[in-house]
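*Asks:* Here is a sequence together with a model predicted from it:
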Amino acid sequence: MTAVDIPSMVYALLLTIVLVFAVKYISAIFQAWARRANDQDYRALAERAAAAQSEAQATMAAIQADLSKVASSLATVEKILQQV
């Protein structure tokens, strides 16, 4: 090797090291952005699930109220039929 090749190799090595760390840093940034977007999607999904759950709970309460009315009406009808 000549003296001219050694500085060129050192520059190439330093450039390679800088590029590797730059790519690693940029990759970390993109991963953070993707993670944030993913977290926002999960948060929206959780909010929709909570809303659907509360709506289902309200519907079940209404159905249970209707069912208790039907049960009391049926008990009344059974009582009348037993008297006859």
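*Replies:* Here it is on my side, so go on. Numbering: from 1, shown residues only.

*Asks:* got a pLDDT number for residue 6?
*Replies:* Listed pLDDT for residue 6 reads 81.

*Asks:* Give me the neighbour count for it.
*Replies:* Around residue 6 there are 10 other residues, counting by other Cβ atoms under 10 Å. The way it works is simple: take the backbone N, C-alpha and C, and place the C-beta from them, glycine included.

*Asks:* For it, which three-state class applies?
*Replies:* In terms of secondary structure, residue 6 is helix; the call rests on DSSP: H, G, I helix; E, B strand; the rest coil.

*Asks:* Mind telling me what element residue 52 is part of?
*Replies:* Assigned by DSSP states H and E, residue 52 belongs to helix 5-83.

*Asks:* what's the spacing between the most centrally placed residue in the chain and residue 50?
*Replies:* When the chain is reduced to its mean C-alpha position, the closest residue under Cα atoms, centre = their mean turns out to be residue 42, at 1.8 Å. Look at residue 42 and residue 50: by Cβ to Cβ, to the nearest Å, they are 12 Å apart.

*Asks:* What is the neighbour count of residue 57?
*Replies:* Under the criterion other Cβ under 10 Å, the count of neighbours that residue 57 has is 10.
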